[in-house]
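**Student:** coords please:
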Amino acid sequence: MDKKGSPLTVALQGMDARSSKMMAMYLHGPCKGEAVVISDGYADALILDADSMSGQAFLKTFLAEGVEKPLILISLHETHIENVICIKKPVKTDDMLMALSQIKSRLTQRKQHEDRVSKAAIEEYRVESEENFVTTKPNTVEVIEEKPVLKSYVIRTDEQLKTSKHQAAMQLNEKAFGAFIGNVPGLDVNDPRQFAKANYNAKHYFQGYVESAFNVSRTKGQARQLNSGWNPLLIFPEANEIWIDVDENQLRAFAGLLINSTLGASMSVTPLSQELVDQERILEKYQSMDAFLWKVACWASKGRYPHQLDIRQPIYLKHWPNFTRLLVTPHALRISALMIKGPRTLPNIAEVLNIKPQYVFIFASAAYALGLIGHAKRDADVLFQPPEIKPNKNQSILGRIISTLLGKKA
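**Tutor:** Model (predicted):
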């Protein structure tokens, strides 16, 4: 939680895709957005369905390893576990709101405790420093060394110094959007007659090479370097972070350029030796892999949608993006809320929300890069048999006669 009143971020465990989607909608709707669903690594707390096989396995690991994150457990059975908030199914809104409130209270108390510990450590360090500044030599004139001005000390870990990785999301309004993202000459992405041309291929941009390098690095489980004839991009898959020493404006400009065949030929991905992995670097230059790819996709998109998406087919959103760490384009939250409710086409989303299509297209580009959206033709769509079509009560006399004759013939 970044500030008082902000929604709690939760990760879901032991739930299939349908249950996860319903829980996300439940938290957004009946629970009035008191919590939002994001990926496990960034969540404040966990919500576990203990009635599933995977849920039972997760609970055993949770209790055995003593996971620090607060847990809300939901089950058909009465359950009592120390330091775990248990809710009986079917979940009532009041019970869930009470559980979320308790989690927020616990996190606030933990933060206050950590602050008190830090202040105590800082004070102890300050006192020791003051005592060590005075030295006395026997049989000589006492020498008092000049004390430097003591400033407030803040104990910061290397992880906390990675400001680019952990900084709060940047949010673009409509006025700043055009200047920040740019546009494609000769193309009006908001003109329905030009929708067929309002797409782009990530492989023709820096985004495509970043995606390829990420896939190689994650598949091999090795730190890799993307060489582009420009500043190298270092990839650390185990920590899910990258390091690149470039100015943000320069990176945005480079990500928006078409990569020609000459420059593309110089792109390569090479392994990083352990010596290079352990090398000290400017910590502020580290970024989350997902946050980096999200914004690179935004800059390559310039308000267009990925060519892999059929603008005539409905698309669905797998889960709520982690907007606390992502570049937030105009209306991204509204788009996500609408897509969570069910699949829609890109133009329909713009029409329902009464916004420019470019805002929907750029969101789709970033979300697609992270694998958060896809076409609605999924296994779940054919999992259930369609209901039998019942005959109309107002069926004509001729229709009833034909039905009777067919019935006798059968």
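**Student:** quick one: residue 322 and residue 290 touch, right?
**Tutor:** Yes. With contact defined as CB atoms under 8 Å, residue 322 counts as touching residue 290 (7.4 Å). All C-beta atoms are positioned from the backbone trio N, CA, C, and that covers glycine.
**Student:** separation between residue 280 and residue 236?
**Tutor:** Per CB to CB, to the nearest Å, residue 280 is found 14 Å from residue 236.
**Student:** Looking at those two, which is more packed in?
**Tutor:** Taking neighbours as other CB atoms under 10 Å, residue 280 and residue 236 compare with residue 236 leading, 17 against 6.
**Student:** Could you pull up phi and psi at the spatially closest residue to the more buried one that is not a sequence neighbour?
**Tutor:** Leaving aside its sequence neighbours, residue 236 sits nearest to residue 223 (CB to CB, 6 or more residues apart in numbering; 5.1 Å). Note on residue 223: backbone dihedrals following degrees, to the nearest 10 are phi -70, psi 130.
**Student:** What is the neighbour count of residue 223?
**Tutor:** For residue 223, using other CB under 10 Å, the count is 19.
**Student:** List the contacts of it.
**Tutor:** Neighbouring residues of residue 223 by CB atoms under 8 Å, 6 or more residues apart in numbering: 217, 234, 235, 236, 237, 238, 271, 272, 276, 277.
**Student:** Inside strands: which ones of those?
**Tutor:** Mapping the contacts of residue 223 onto strands (DSSP state E) picks out 234, 235, 236, 271.
**Student:** Can you name the two of the residues you listed that sit furthest apart?
**Tutor:** 236 and 271 (12.2 Å; CB to CB).
**Student:** Can you pull out the low-pLDDT segments for this structure?
**Tutor:** Of all residues in the chain, those with pLDDT under 70 make up the ranges 1-5, 40-41, 67, 113-170, 261-265, 377-410.
**Student:** domains for it, by residue range?
**Tutor:** Annotated domains of the chain cover 1-139+146-155, 174-375 [automatic domain parsing].
**Student:** Out of the ones you listed, which one sits most buried?
**Tutor:** domain 174-375 (a mean of 18; mean count of other CB atoms under 10 Å).
**Student:** center of this protein - which residue?
**Tutor:** residue 322 (2.9 Å; CA atoms, centre = their mean).
**Student:** Wait, a helix at that one?
**Tutor:** No. According to DSSP: H, G, I helix; E, B strand; the rest coil, residue 322 belongs to no helix; its state is coil.
**Student:** for it, phi and psi?
**Tutor:** phi -80, psi 80.
**Student:** The host helix or strand of residue 10 pairs with which strands, parallel or anti?
**Tutor:** Residue 10 is part of strand 8-13 when elements are defined by DSSP states H and E. Applying DSSP bridges to the sheet, strand 8-13 is found paired with strand 35-37 (parallel), strand 45-49 (parallel).
**Student:** ok, back up a step: please list all residues in contact with the residue nearest to the centre of the chain.
**Tutor:** Residues near residue 322 by CB under 8 Å, 6+ apart: 9, 38, 39, 42, 290.
**Student:** Turn these into JSON lines, including secondary structure and distance to residue 243.
**Tutor:** Formatted as JSON lines, those follow (DSSP: H, G, I helix; E, B strand; the rest coil; distance: CB to CB, whole Å):
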{"residue": "9", "secondary structure": "strand", "distance to residue 243": "25"}
{"residue": "38", "secondary structure": "coil", "distance to residue 243": "24"}
{"residue": "39", "secondary structure": "coil", "distance to residue 243": "21"}
{"residue": "42", "secondary structure": "helix", "distance to residue 243": "19"}
{"residue": "290", "secondary structure": "helix", "distance to residue 243": "15"}
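**Student:** Nearest to residue 346, out of those residues: which one, please.
**Tutor:** Of those, the one sitting nearest to residue 346 (CB to CB) turns out to be residue 290, at 22.1 Å.
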